[in-house]
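J.: model this:
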Amino acid sequence: MSVEDFIELCKTKIRAYLEAEQIITAQDECDIYVIWKDYWTVGSSQDAIKALDNQKAIFGTSLDSSPMFDIQYLNTENKLYMNVLTITDSAEYDTTTPPNA
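T.: Numbering: from 1, shown residues only. Alright, predicted model coming up:
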């Protein structure tokens, strides 16, 4: 599966999830974007690399308080796995370095 096909499939699955959970309706505008993307191959030969063609990405949406989506495609199983990540706690930290006392 190409990277572009993977991203489009993920966006379709995310939209279907958001509609099924009644977070959005079919008519609602909702941008889905890639936060982080990884593509990896495992194997020592070109044939093995093609056989173990896996992809993973984290997606966000333009909705307020929307979950994030961690999606992984495993070529050997021809399956897509989606984890829905909700933020339950967040904190703000000061990034300045304290002076040496």
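J.: Neighbours of the nearest residue to D38 once chain neighbours are set aside, how many?
T.: In space, and not counting its chain neighbours, D38 is closest to K56: 4.8 Å by C-beta to C-beta, 6 or more residues apart in numbering. No exception for glycine: its C-beta is placed from N, CA and C like everyone else's. K56 has 16 neighbours, counted by other C-beta atoms under 10 Å.
J.: Which residue lies nearest the spatial centre of this protein?
T.: I58 (2.3 Å; C-alpha atoms, centre = their mean).
J.: so how far is the longest helix along the chain from its chain's centroid?
T.: Across the chain, the longest stretch assigned as helix under DSSP state H is helix 3-20. Relative to its chain's centre, helix 3-20 lies at 9 Å (C-alpha atoms, centre = their mean, to the nearest Å).
J.: Point out where this protein drops to low pLDDT.
T.: 39-52, 101 (pLDDT under 70).
J.: Look at Y33 and tell me its secondary structure.
T.: Assigned with DSSP: H, G, I helix; E, B strand; the rest coil, Y33 falls in the strand class.
J.: can you tell me the helix or strand for the residue nearest to the centre of the chain?
T.: Secondary-structure assignment from DSSP states H and E places I58 in strand 53-61.
J.: which neighbours does that strand have in its sheet, and in what orientation?
T.: strand 32-41 (antiparallel), strand 68-74 (antiparallel) (DSSP bridges).
J.: Would you tell me which of those gets closest to L85?
T.: Minimum separation from L85 across the strands paired with strand 53-61 (C-beta to C-beta) falls at strand 68-74, 4.4 Å.
J.: Only C-alpha atoms, please: export the closest one in CSV.
T.: What follows is strand 68-74, C-alpha atoms only, in CSV (Å, rounded to 0.1, in the frame of the first residue of the first chain):
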residue,chain,number,x,y,z
MET,A,68,-6.2,11.6,18.4
PHE,A,69,-5.9,8.4,16.3
ASP,A,70,-2.9,6.0,16.4
ILE,A,71,-3.2,3.8,13.3
GLN,A,72,-1.0,1.0,12.1
TYR,A,73,-1.1,-1.1,8.9
LEU,A,74,0.5,-4.5,8.9
